[in-house]
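# below is the sequence, then the predicted model.
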Amino acid sequence: MTTGTLITQITDYANRADPYPLYAELRKQPVRRQDDGTYVVSTYYEVRSVANDPRLSNDTRNRPPGYARTADADDTGLPPSFIFTDPPVHDRLRETITRPFGPPHSPRFLDGLRGELAQVVTELLDAFEGKDQVDIVEDFAYPLPVTAICKVLGVPREDEPNFHGWADALASSLDPQVGEEGKEKGQQARQDLGAYLSDLIETKRRHPGPGILSALAPDMTPADLEATAVLLLVAGHETTVNAITNTTLTLLRHPDILDRFLKDPDLAVPLIEEVLRYEPPVQFVPWTTALADIDVAGTTIPKGSPVWLMLAAANRDPQRFEDPDRFDPDRKDNEHLGMYTGIHYCFGAPLARIELHLAVPELFRRVKFSRLLEDPPPYRANAVLRGPRHLPVAIEGLTA
């Protein structure tokens, strides 16, 4: 089986529900060249090594002519957001953005959102009252992260509904196999979001208020700030939706572990980390490029070659994790790649973990689940940001 065939199958929607046997096949050769010249890295130590190699570029402008670039690099007149840049530009932008977002400059910012986000969780679950079935995605996992990222940015509550559609279209456009229609929708969403953010940023400059847009306005150009806000919406929303939904689905598929979790809420921390390994919301990184020849596991990735880093395959590498296809919240030394690694480690990881630790325990504390109504559920089209599009479940009641 050729790498091209494997990658085609991995990105084929027919295999979205369970790509892991394909990842196992891919790992038999740690580094593989596709017919189009792309190199695919799939084993844990090799993915980690290449991801931390300064000769690997995240800047999609370095990709060879003819290779797909991300929606971030579309002709919108904006610079690329910091995730799609390399040092020193990346380091300058990331350091600037970190100041109002977290330690050491703003250690209480995220923690200060807990009360508001907990209230959102309560309101979403209260709406389950009287229902005998719900969609975990639409009714719970999807609304929470968009509210969180809007609070981080300082978006007025009445404008939040617009962000749902923009986030969905932008996330879908990141799929390397997306068609022209998906690209056009992503481009339109980015333009609409950009126009909204441009007005909001100008308002925040003149009338500072809550959120990081006000804090960053004096230190960043409007274009860089707008690009950053677009990135935070996509990265901060879609991945967390998938993480909450994947955790719910995994627990309902493992009733013995769910029973333990219900009796011992402290299991939440290792349980959520194990889900991030076992069912990571970001399956692979398909936009990097080699800036020089890179030798990996006996293979040379030539300068200028596009590189895909298969995070989900690496997270189930038996050379790193014992019995990797088993969901085990008691797993020790669980240094997974579910939030990536290196200088591009997920910027929003602290916020995502706060949301997960507020949402998941409360969901299972208050809701008495009966059964999954579809297993496997329908998945999103996106192979990169993988998660169920809907998760219909039957429920038997709701506690206070």
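Okay, I see it. Numbering: from 1, shown residues only.
# state the phi and psi torsions of Phe109.
Backbone torsions of Phe109, given as degrees, to the nearest 10, read phi -60, psi -60.
# tell me the spacing between it and Gly186.
Per CB to CB, to the nearest Å, Phe109 is found 30 Å from Gly186. Glycine gets a C-beta too; all of them are placed from N, C-alpha and C.
# the residue nearest to Ala227 when sequence neighbours are not counted: neighbour count?
Spatial nearest neighbour of Ala227, excluding adjacent residues (CB to CB, 6 or more residues apart in numbering): Ser81 at 4.2 Å. Neighbour count of Ser81, defined by other CB atoms under 10 Å: 23.
# who's in contact with Ser81?
Asp72, Ala227, Thr228, Val230, Leu231 (CB atoms under 8 Å, 6 or more residues apart in numbering).
# leaving aside the residues next to it on the chain, what's closest to Gly194?
Closest residue in space to Gly194, ignoring its immediate chain neighbours: Glu226 at 5.8 Å, by CB to CB, 6+ apart.
# mind listing what's buried along the helix or strand hosting the one you found?
Element membership for Glu226 (DSSP states H and E) is helix 222-253. Buried residues in helix 222-253, counted by 16 or more other CB atoms under 10 Å: 224-252.
# same deal with stretch 28-41?
Taking 16+ other CB under 10 Å as the criterion, stretch 28-41 shows Gln29, Pro30, Val31, Arg32, Arg33, Gln34, Thr38, Tyr39, Val40, Val41 as buried.
# tell me how far the ends of it are from each other?
11 Å (CA to CA, to the nearest Å).
# go on, stretch 284-297?
19 Å.
# buried ones in that stretch, by neighbour count?
For stretch 284-297, using 16+ other CB under 10 Å, the buried residues are Phe284, Val285, Pro286, Trp287, Thr288, Thr289, Ala290, Leu291, Ile294, Val296.
# ok, now stretch 182-201?
Quick answer for stretch 182-201 (16+ other CB under 10 Å): 182-183, 185-187, 189-190, 193-194, 196-198, 200-201.
# likewise stretch 139-157?
Neighbour count says stretch 139-157 has 139-155 buried, by 16+ other CB under 10 Å.
# any idea how far it is from the chain center?
Its chain's C-alpha centre and that of stretch 139-157 lie 15 Å apart, by CA atoms, centre = their mean, to the nearest Å.
# which outside residues touch that stretch?
By CB under 8 Å, 6+ apart, the residues outside stretch 139-157 that reach it are 101, 113, 116-117, 120-121, 124-125, 127-128, 134, 159-160, 163-164, 167, 200, 204, 209-214, 229, 232-233, 236-238, 240-241, 244-245, 248, 351, 355, 359, 363, 391.
# nearest residue to Pro270 in space, please, no chain neighbours.
Using CB to CB, 6+ apart, the closest residue to Pro270 is Pro329 (4.7 Å).
# ok, the one you found to Met310 distance?
Shown here: Pro329 relative to Met310, a distance of 24 Å by CB to CB.
# give me the number of residues near Thr203?
Neighbours of Thr203 under the rule other CB under 10 Å: 16.
# how about the helices of the stretch 201-350 of the chain, start to end?
Applying DSSP state H, counting those that start in this stretch to the stretch 201-350 of the chain gives helices spanning 212-216, 222-253, 255-263, 268-278, 311-314, 349-366.
# if I look at the closest residue to Pro388 other than its chain neighbours, how far off is Leu391?
Distance criterion CB to CB, 6+ apart; nearest residue to Pro388, sequence neighbours excluded, is Pro377 at 4.3 Å. Between Pro377 and Leu391 the computed distance is 5 Å (CB to CB).
# would you point out the helix or strand in this protein whose mean pLDDT is lowest?
Within the chain, confidence by mean pLDDT, DSSP states H and E is lowest for helix 160-173 among all helices and strands, at a mean of 78.
# which neighbouring elements make contact with it?
helix 143-153, helix 180-206, helix 222-253 (3 or more CB pairs under 8 Å, 6 or more residues apart in numbering; DSSP states H and E).
# by how many degrees do the second one and helix 143-153 diverge?
Our comparison of helix 180-206 with helix 143-153, counting by axes from the mean of the first three to the mean of the last three CA atoms, to 10 degrees, yields an angle of 40 degrees.
# quick one: which of the buried residues of stretch 28-41 is nearest to Pro306?
Comparing the buried residues of stretch 28-41 against Pro306 with CB to CB places Thr38 closest, at 4.4 Å.
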